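Q: Quick one, structure for this:
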Amino acid sequence: MAGFFATDFGILILTVLKALAIIVPVLIGMAYLTLAERKVLAAVQLRKGPNVVGPFGMLQPFADAVKMLMKETVVPAGANRLLFLMAPMLTFGLAVIAWAVIPVNDGWAIANINVGILYLFAISSLGVYGVIIAGWASNSKYAFLGALRSAAQMVSYEVSIGFVIVSVLLCVGSLNLNDIVLAQRHIWFAIPLLPMFVVFFISALAETNRSPFDLPEGESEIVAGFFVEYSAMAFALFYLGEYTNMILMSALTTILFLGGWLAPFGVVPFTWIPGPLWFIAKIVLCLTVFIWVRATFPRYRYDQLMRLGWKVFLPLSLAWLIITAGALMLFGWLPRAA
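A: Below you'll find the predicted structure:
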């Protein structure tokens with residue numbers, strides 16, 4: 001009996017260490033992503049950006065975190081206090097636990113389950129609840145309007161994302177994220193599935209409420225969207241959740257289309273670089289495009305956003321799914337992940 005409990009305790013400790021090995025770098029990366037975005041936007045607008053706290057402004061994210069922790073969390077008088085405080089925790093928590101199935105190298109995942117894609121689908125579907133609860137519990141028309149916008153936007157673009165992922169799964173024959181990466185040893189899926197790669201990345205911008213699809217946060221018409229009534233650490237948790245989701249969607253783009261931790265096309269000099277470094281480099285590349293798009297493109301109108309999702313991306317992703325399935329059947333190629 002003692003040996004049984006000792007074994008369970010050892011497994012628990014190992015799982016916690018694996019979780020910390022993923023979550024701590026993600027949180028540090030998220031902190032410096034905010035700094036990188038401010039620096040890039042400043043450069044685009046011919047400004048200096050944060051440059052006071054620490055050398056080259058490198059400690060600015062930690063100064064912001066301390067400021068948020070020291071501020072008072074103000075709860076509006078008519079708000080539902082429990083739901084008001086629970087919404088940002090739900091949003092941030094879902095953004096973090098989604099990383100449980102993300103492999104950063106061959107077999108390097110907290111939980112290398114065979115239905116990793118379904119797990120991510122479930123987590124992303126729950127993400128809309130945090131936004132809806134925040135908008136409703138705030139007892140503010142502006143917040144509620146922003147929440148309705150966000151819910152409609154996230155649901156609309158999840159449909160096209162789903163068809164894109166199914167196209168990838170047809171080519172792999174497995175729901176395991178590790179197998180999806182290994183299936184790209186010879187060619188990344190971004191090449192044969194290029195239209196789906198473009199649709200997925202643009203849908204990821206909409207799913208994370210990023211420019212040019214930041215309608216839920218429309219500063220010019222609904223002040224700041226669903227978190228207009230939030231302050232201090234409650235506001236910071238929404239902020240952290242958004243940037244953690246950006247890194248998550250970049251990681252998912254890397255896994256589905258850019259070969260994960262694999263070197264480009266198996267070129268020998270590139271294979272000497274460790275897999276996790278390739279994985280991080282590809283995520284950084286995707287995040288750079290996220291920031292570049294924000295600095296470059298104007299915001300869509302809401303009717304344009306909905307039309308793009310339902311009348312362009314949905315038919316395109318469905319048509320490409322049918323073409324992919326037809327091509328696989330025509331050439332008699334059976335997917336084999338490993």
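Q: Show me what counts as buried in stretch 140-160.
A: Within stretch 140-160, the residues scored as buried using 16 or more other C-beta atoms under 10 Å are 140, 142-154, 156-160. (Each C-beta comes from the backbone N, C-alpha and C, glycine too.)
Q: again, but for stretch 170-187
A: Across stretch 170-187, burial judged by 16+ other C-beta under 10 Å covers 170-184.
Q: and which of those residues is nearest to residue 316?
A: Closest to residue 316 out of the buried residues of stretch 170-187 is residue 170 (16.1 Å), distances taken as C-beta to C-beta.
Q: Residue 299: what secondary structure?
A: Using DSSP: H, G, I helix; E, B strand; the rest coil, the structure places residue 299 in coil.
Q: can you pull the contacts of it?
A: For residue 299, the contact set (C-beta atoms under 8 Å, 6 or more residues apart in numbering) comprises 211-215, 218.
Q: Model confidence score at it, please.
A: Looking at residue 299, its pLDDT stands at 84.
Q: Give me the contacts around stretch 46-65.
A: Taking C-beta under 8 Å, 6+ apart as the rule, stretch 46-65 contacts 31-32, 34-35, 38-39, 41-43, 236.
Q: Inside helices: which ones of those residues?
A: Using DSSP state H, the members of the contacts of stretch 46-65 that fall within helices are 31-32, 34-35, 38-39, 41-43, 236.
Q: Save those residues as TSV, and put in neighbour count too.
A: TSV is the format used below for those (neighbours: other C-beta atoms under 10 Å):
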residue	neighbour count
31	17
32	14
34	18
35	21
38	17
39	20
41	15
42	16
43	12
236	20
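Q: so which pair among those residues is furthest apart in space?
A: 43 and 236 (25.1 Å).
Q: what's near enough to touch the residue nearest to residue 137 when sequence neighbours are not counted?
A: Nearest residue to residue 137, sequence neighbours excluded (C-beta to C-beta, 6 or more residues apart in numbering): residue 83, at 3.8 Å. Residues in contact with residue 83 (C-beta under 8 Å, 6+ apart) are 133, 136-137.
Q: Now residue 83: which helix or strand?
A: helix 81-97 (DSSP states H and E).
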